[in-house]
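Q: sequence plus the predicted model coming up.
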Amino acid sequence: MTADLVWPMQLDRVAEQVTEFLAPNLRHHRSMDFGAKWRSAHNWAVQAHNILSKWTTSKENADERIALDEIRNAFNQATPTFAAIVESAKYRIDKEGQDTQ
């Protein structure tokens with residue numbers, strides 16, 4: 001059985017083909033849904049912005065400090081996922097730059 005992949009290919013363009021090719025019992029790990037992580041990051045930014053904006057006109061409170069700590073912890077846990085997305089984007093930009101030269 002072959003995957004009929006032509007190399008090199010960008011991760012975002014081959015993910016579906018790779019998923020279809022690999023049987024679930026052959027996978028060593030499961031990847032995260034990048035879309036879900038981006039939505040989470042957006043929600044974290046909105047929540048942090050709302051808390052910090054509120055603090056410009058009122059006193060800080062302990063519950064909101066805890067919420068900011070939770071946002072920071074969640075972002076730190078998601079950092080490897082974001083790093084993979086950024087590296088993929090860098091590769092695509094570099095590749096496109098080489099193609100135009």
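A: Nice, thanks for sending it over.

Q: the closest residue to Ala48 other than its chain neighbours: how many residues sit nearby?
A: With sequence-adjacent residues excluded and distances taken as CB to CB, 6 or more residues apart in numbering, Ala48 is closest to Ile71, at 5.4 Å. Any C-beta I mention is one placed from the backbone N, CA and C, and that applies to glycine too. Per other CB atoms under 10 Å, the neighbour tally for Ile71 reads 18.

Q: contacts only, for Ile71.
A: 44, 47-48 (CB atoms under 8 Å, 6 or more residues apart in numbering).

Q: same question for the helix or strand where Ala67 lies: list its buried residues.
A: Secondary structure assigned from DSSP states H and E places Ala67 in helix 62-99. Going by neighbour count (16 or more other CB atoms under 10 Å), the buried part of helix 62-99 is 64, 67-68, 71, 75, 78, 81.

Q: can I get those residues in a markdown table including distance to Glu96 and pLDDT?
A: Converted to a markdown table, the buried residues of helix 62-99 look like this (distance: CB to CB, whole Å; pLDDT from 0 to 100):
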| residue | distance to Glu96 | pLDDT |
| --- | --- | --- |
| Glu64 | 43 | 97 |
| Ala67 | 40 | 97 |
| Leu68 | 38 | 97 |
| Ile71 | 34 | 95 |
| Phe75 | 29 | 87 |
| Ala78 | 27 | 83 |
| Thr81 | 23 | 76 |
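
Q: closest one of those to Ala89?
A: Of all these, Ala89 sits closest to Thr81, with 13.1 Å by CB to CB.

Q: so what's Thr57 up against?
A: With CB under 8 Å, 6+ apart, Thr57 has no contacts at all.

Q: separation between it and Thr81?
A: Separation of Thr57 from Thr81 (CB to CB, to the nearest Å): 35 Å.

Q: so what pLDDT did Val6 get?
A: Val6 is assigned 61 on the pLDDT scale.

Q: swap that for Trp38, please
A: Per-residue confidence for Trp38 comes out at a pLDDT of 67.

Q: what angle do helix 62-99 and whichever strand or helix holds Gln47 make with each other?
A: Applying DSSP H and E as the criterion places Gln47 in helix 34-55. Helix 34-55 runs at 130 degrees relative to helix 62-99, counting by axes from the mean of the first three to the mean of the last three CA atoms, to 10 degrees.
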